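Trainee: For reference, the sequence and a predicted model appear below.
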Amino acid sequence: MCLAIPGKVIKVEKGFATVNYSGEQRKASTQLVEVKPGDYVIVQAQFIIQKIPKKEALEAIKVWQENEKK
Amino acid sequence: MAGERKEISSETPERYFLKYAYPCSFVLVDLGKITDEKRKELEKQLLNNEPIDRTELENIFKAAFKRLKEIAKEMKKDYWDLEVIKEYFFGEKHNDFIDKQEGMYSEFSPTIRELCKVHKAEVTEKRENILTVKYAGIARNVFATLVPDAKVGDKVTVHWAFAIEKVA
């Protein structure tokens, strides 16, 4: 029921971050969690809700991409 | 509806279920399983105390109902019985399923599994619609959308980025 893909923060502006998802970019509010470029994050309802360790994020993205191919 | 929001208190099984499933509705939109219009419709029903359709919930949140039916069988009750739904989300059956990494949970990374779990937390700070909550030694910011009257010191449950209900 719950699934989310980590994205990578590539830019932080006042109150917002640009998050990259394998090429696709989305804006997300940083009101709940402070982030910096390079952080991997989970976004919900256009808000960054959680940072996620890089190693874990990369693995999760890989699993996600493999599932996409199935 | 400026200012005061109606307290979400009338505890029907549909409403109780949707409160906990509400954070997942955003995920289902991201996954393309439901439209954002559908999500907003559910949100409106939840926040305005409007009737919620059982069949629709069962169709949208299929995996949850599969597990609710298993628990209902063990409890010898109907799966729409409020006690069954409470046992699932609040009684931590839902967390047990995640810990056992059943079904799709096996593919989730540890951080995401923690977000999927229901946590009992204490409110330590409040600003506008955001609550800072503490559980298991960690502090997080979550939305107060579903518990607009939560105060510092209150105990709440947390699912994804939302406080879900106040608990005694």
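Mentor: Received the coordinates, thanks.
Trainee: Assign a three-state SS to the one residue sitting closest to the centre of chain B, would you?
Mentor: With distances taken as Cα atoms, centre = their mean, residue B:20 lies nearest the centre of chain B, 1.4 Å away. Under DSSP: H, G, I helix; E, B strand; the rest coil, residue B:20 falls in the helix class.
Trainee: Need the pLDDT of the nearest residue to residue B:11 once chain neighbours are set aside.
Mentor: Spatial nearest neighbour of residue B:11, chain neighbours left out: residue B:82 (6.8 Å); criterion: Cβ to Cβ, 6 or more residues apart in numbering or on different chains. Backbone N, C-alpha and C define where each C-beta goes, glycine included. pLDDT for residue B:82: 95.
Trainee: so what's the residue nearest to the centre of chain B up against?
Mentor: Residues in contact with residue B:20 (Cβ atoms under 8 Å, 6 or more residues apart in numbering or on different chains) are B:85, B:89, B:94, B:118, B:159, B:164.
Trainee: Roughly how far does the third one sit from residue A:31?
Mentor: Residue B:94 sits at a distance of 27 Å from residue A:31 (criterion: Cβ to Cβ, to the nearest Å).
Trainee: neighbour-wise, which of those two wins?
Mentor: Set residue B:94 next to residue A:31 and count neighbours by other Cβ atoms under 10 Å in any protein chain shown: residue B:94 wins out with 23 against 16.
Trainee: Need the phi and psi values for that one.
Mentor: Main-chain dihedrals, residue B:94, degrees, to the nearest 10: phi -60, psi -40.
Trainee: From residue B:157, how far off is it?
Mentor: For residue B:94, the distance to residue B:157 - Cβ to Cβ - is 11 Å.
Trainee: list the residues that contact both of those two?
Mentor: With Cβ under 8 Å, 6+ apart, residue B:94 and residue B:157 have common neighbours residue B:118.
Trainee: Surely residue B:163 touches residue B:155?
Mentor: No: the criterion here is Cβ atoms under 8 Å, and residue B:163 misses it with residue B:155 at 10.1 Å.
Trainee: So those two - more neighbours on which side?
Mentor: residue B:163 (23 against 15).
Trainee: List phi and psi for that one.
Mentor: Dihedral angles for residue B:163 - degrees, to the nearest 10 - are phi -80, psi 130.
Trainee: rewinding a little: check the gap between the residue nearest to residue B:11 and chain A for me.
Mentor: 19 Å (Cβ to the nearest Cβ, to the nearest Å).
Trainee: in the chain, which spans are strands?
Mentor: Just going to use chain A. A:7-13, A:16-21, A:24-29, A:40-44, A:47-52 (DSSP state E).
Trainee: wait, I meant chain B there
Mentor: With DSSP E as the criterion, chain B has strands at B:118-127, B:130-135, B:138-143, B:155-159, B:162-167.
Trainee: now the first one against strand B:130-135, angle please.
Mentor: Pointing back at strand B:118-127 there. 140 degrees (axes from the mean of the first three to the mean of the last three Cα atoms, to 10 degrees).
Trainee: Counting by contacts, list what strand B:118-127 packs against.
Mentor: strand B:130-135, strand B:155-159, strand B:162-167 (3 or more Cβ pairs under 8 Å, 6 or more residues apart in numbering or on different chains; DSSP states H and E).
Trainee: Read off the pLDDT value for the closest residue in space to residue B:130 that isn't next to it in sequence.
Mentor: Nearest residue to residue B:130 in three dimensions, chain neighbours excluded: residue B:141, at 5.3 Å (Cβ to Cβ, 6+ apart). For residue B:141, the pLDDT comes out at 97.
Trainee: looking at it, residue B:141 is touching residue A:34, isn't it?
Mentor: No: judged on Cβ under 8 Å, residue B:141 makes no contact with residue A:34 at a distance of 9.7 Å.
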